[in-house]
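Novice: what would the 3D arrangement of this be:
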Amino acid sequence: MKIDWAALGSVFGISLVVTVALVALFSVGIAGLSRRERAAEQGGTAALAVTGAYACFAACAAAVGYGIYLIVA
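Specialist: Below is the predicted model:
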């Protein structure tokens, strides 16, 4: 059995980058919801922050769904 170390390293690198990107995207979504809370305390609205947060969560869900699709297919 021969291990292709270059391919293994490539898979590791890509999975690391995608994981960090998903965590960052989810964190941006949490920050958007946090801004909504602060705006509500001050009597304002943060419609753009909430829309951005929901978009971030939707992108995370799409990426996870695509990953599941790749595993199953």
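
Novice: give me the pLDDT value at residue 58.
Specialist: As predicted, residue 58 sits at a pLDDT of 97.

Novice: quickly find the element holding it.
Specialist: Following DSSP states H and E, one finds residue 58 within helix 47-72.

Novice: and that helix, what does it pack onto?
Specialist: helix 5-41 (3 or more C-beta pairs under 8 Å, 6 or more residues apart in numbering; DSSP states H and E). Placement of C-beta: from N, CA and C, glycine included.

Novice: let me know the angle separating the helix it packs on from helix 47-72.
Specialist: Angle, helix 5-41 to helix 47-72, by axes from the mean of the first three to the mean of the last three C-alpha atoms, to 10 degrees: 150 degrees.

Novice: centroid-nearest residue for the protein?
Specialist: residue 22 (2.9 Å; C-alpha atoms, centre = their mean).

Novice: what about that residue, distance to residue 45?
Specialist: 28 Å (C-beta to C-beta, to the nearest Å).

Novice: re earlier: in the helix holding residue 58, what's buried?
Specialist: Using 16 or more other C-beta atoms under 10 Å as the test for burial, helix 47-72 gives 49-50, 52-53, 56-57, 59-60.

Novice: roughly how far out does that helix sit from the chain middle?
Specialist: 6 Å (C-alpha atoms, centre = their mean, to the nearest Å).

Novice: which among the buried residues of helix 47-72 gets closest to residue 3?
Specialist: Relative to residue 3, the closest of the buried residues of helix 47-72 is residue 60; by C-beta to C-beta it sits at 32.4 Å.

Novice: what residues are up against that closest one?
Specialist: By C-beta atoms under 8 Å, 6 or more residues apart in numbering, residue 60 lies in contact with 22, 25-26, 29.

Novice: hmm, which of those residues are the buried ones?
Specialist: Buried subset of the contacts of residue 60 (neighbour count, 16+ other C-beta under 10 Å): 22, 26, 29.

Novice: good, we can wrap up now.
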